[in-house]
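>>> Make a model of this:
(one chain, ligands or ions: 1)
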Amino acid sequence: MAKQKELNEKLIEALKKWQKIEDHSVKSTTEIIAKTKNPVIKHIMEIIRQDSAMHKRIQQLIIDNFEKEPISFSPEELGDVWEMVQKHIEVEKDAVELAEECRKNSKNFVVRYLLGYLMTDERKHDIILEQMEDVKSGIYPYA
Ligand SMILES: [Fe+2]
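The predicted model follows:
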């Protein structure tokens, strides 16, 4: 049991170190945004800045799970919104399809680059929702 406690402490330590990296990321992307006039660079830096801020919040959620109280993730809480989540998964699949179609129809490098970003992000939404579905299956192992 003591071993798990040690592992948890190591995890929290690493997450806090990671949060400092996210702070640094917010700072450096802000500096790059201020220095460049290029809209592509500005937007990409803005994406990374927003992602970094969100990463920090997720890291904090994990830290709080150990330091404050365990994160609740009950079958009831999932069940309450499950139909809505499933409908949303369909919306995300439509978005991925559109992104792929748009990218296929474009030859311009910058447009393809930006559409590539959108496609990756839409796929990411799809993946994290499917993984949530896996968690639900774990909660209901015989479903
Ligand atoms: Fe990050």
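>>> tell me the contacts of the nearest residue to Met45 once chain neighbours are set aside?
Of all residues not flanking Met45 in the chain, Thr29 sits nearest, at 4.3 Å (CB to CB, 6 or more residues apart in numbering). (Glycine included, C-beta is placed from N, CA and C.) By CB atoms under 8 Å, 6 or more residues apart in numbering, the contact set of Thr29 is Met45, Glu46, Ile48, Arg49, Ser52.
>>> how near is Thr29 to Lys68?
According to CB to CB, to the nearest Å, Thr29 and Lys68 sit 29 Å apart.
>>> Go ahead and confirm Val135 touches Pro75.
No. Using CB atoms under 8 Å as the test, Val135 is too far from Pro75 to be in contact (10.2 Å).
>>> Name the helix or strand for the residue nearest to Met45, please.
Assigned by DSSP states H and E, Thr29 falls within helix 2-35.
>>> now for whichever helix or strand comes after that helix, which elements pack on it?
On the C-terminal side of helix 2-35, the closest following helix or strand by DSSP H and E is helix 39-67. Counting contacts by 3 or more CB pairs under 8 Å, 6 or more residues apart in numbering; DSSP states H and E, helix 39-67 packs against helix 2-35, helix 109-139.
>>> Quickly, which of those helices bottoms out on average pLDDT?
The weakest mean pLDDT among the helices and strands packed on helix 39-67 belongs to helix 109-139, with a mean of 87.
>>> orientation of it relative to helix 39-67 in degrees?
Using axes from the mean of the first three to the mean of the last three CA atoms, to 10 degrees, the direction of helix 109-139 lies 20 degrees away from that of helix 39-67.
>>> just checking, what packs against helix 109-139?
helix 39-67, helix 75-104.
>>> between those, which one is nearest to Trp18?
Distance to Trp18, taken as CB to CB, is lowest for helix 39-67 among these, at 5.6 Å.
>>> what is the mean pLDDT for the closest one?
Rounded mean pLDDT across helix 39-67 is 97.
>>> For Arg55, list the residues it contacts.
No Arg there; residue 55 is His. With CB under 8 Å, 6+ apart, His55 has these contacts: Trp18, Glu22.
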